[in-house]
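*Asks:* any chance you can model this:
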Amino acid sequence: MKKWLSIIGLSLFVLSCVGQKDDPEDIPEDPTENPGAGGEEAGSRFFRRVLALEFTATWCQYCPNMQAALEEAQRQRPGRFVEIAVHQYDEMTPAEADALVNLFQVSYYPSMVFDWDQATLFNEQDATIMLSYLDAELEKEEEACGIAMESKIEGNVLSVVVRMKAVKAGRYSLVAALVMDNIIAENQAGYGPDYPCQAVLRSYLGGFTPASAKELAAGEEYSTTFTADAPADAGQCRIVAYILSEGKALNALSCGLNETIDYTYEKEDLD
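*Replies:* Next comes the predicted model:
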């Protein structure tokens, strides 16, 4: 049975009660480690990652279960999921929250969208759903585009260069967001105080709707540079970037501040 609280005005208290966890000791470990992110040498296929856009809140009793399910999926498929957590009506709500909720027609919390595709919206806190989507993507004959990133802070300025390589001709855009890990919630419903929130969206660099797209030929490389004020809490922050084409994210990447990640490839192609 699912119990939902309605959204009324500025109070959005929508809950789903699949797989409730009440024991604070069940809080998952820090998920920021990203093992198995593909080989660094040139191969025949770029490493594919799924963008997992999660809608969550500290007032939502069962939202941590979605985070735990995603971490379980990540453990089973290391490095394959890149998360952005969009909080709503709590102390971590970003400026883009309302627009994103409206764009994806979110009405239940927690909810998740894969690869920027509203048709994938679901609210079951179940790792098997995440793994099924990923495996279906990996089985497709169409190859993933390559994505690489460099992030650095100079003075008070954060500069992020995102690069991509197209595997087929088309129109592509690059998007980047600043996220923050290990934000301690004042009181996470169902888990109590000191719950660590992960991949929390702080802001999009240049907006989540690209102003323009680039027409690329197969094999062509394209890059976009994003700049912003350097965050005061840089040690907890990182950048999530992804490639958009025809309304879908084709690949994603997470990169720490003052870090460079080159194109990565499927390891089996390097054996």
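*Asks:* L103 - that's part of a helix, no?
*Replies:* Yes - when DSSP: H, G, I helix; E, B strand; the rest coil is applied, L103 is found to be in a helix.
*Asks:* now it. Nearest residue, chain neighbours left out?
*Replies:* Q118 (7.4 Å; CB to CB, 6 or more residues apart in numbering). C-beta here means a position set from N, CA and C on the backbone, and glycine is covered the same way.
*Asks:* can you tell me how far the one you found is from P210?
*Replies:* Distance, Q118 to P210, by CB to CB, to the nearest Å: 17 Å.
*Asks:* what about those two, which has more around it?
*Replies:* P210 (14 against 11; other CB atoms under 10 Å).
*Asks:* would you agree the more buried one is in contact with R171?
*Replies:* No - between P210 and R171 there is no contact under CB atoms under 8 Å: 10.2 Å.
*Asks:* show me what contacts the residue nearest to L103?
*Replies:* By CB atoms under 8 Å, 6 or more residues apart in numbering, Q118 lies in contact with L103, F104, Q105.
*Asks:* okay, it: pLDDT?
*Replies:* At Q118, the model reports a pLDDT of 97.
*Asks:* now it: how far from R238?
*Replies:* Q118 is 26 Å from R238, by CB to CB.
*Asks:* now the strands for the stretch 51-200 of the chain?
*Replies:* Under the criterion DSSP state E, counting those that start in this stretch, the stretch 51-200 of the chain carries strands at the ranges 81-87, 111-114, 146-154, 157-165, 170-180, 183-185, 195-197, 200-204.
*Asks:* can you list those strands in a markdown table and add mean pLDDT?
*Replies:* Below are the strands of the stretch 51-200 of the chain laid out as a markdown table (pLDDT from 0 to 100):
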| stretch | mean pLDDT |
| --- | --- |
| strand 81-87 | 98 |
| strand 111-114 | 98 |
| strand 146-154 | 97 |
| strand 157-165 | 98 |
| strand 170-180 | 98 |
| strand 183-185 | 93 |
| strand 195-197 | 95 |
| strand 200-204 | 97 |
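*Asks:* quick one, which of these gets closest to A69.
*Replies:* Smallest distance to A69 across those (CB to CB): 8.9 Å, for strand 111-114.
*Asks:* grab the most central residue of this protein for me.
*Replies:* Geometric centre of the chain, nearest residue: E83, 2.4 Å, by CA atoms, centre = their mean.
*Asks:* so who does that residue touch?
*Replies:* P31, A52, L53, E54, L70, V179, Q198, A199, V240.
*Asks:* 7 Å instead?
*Replies:* A52, E54, L70, A199 (CB atoms under 7 Å, 6 or more residues apart in numbering).
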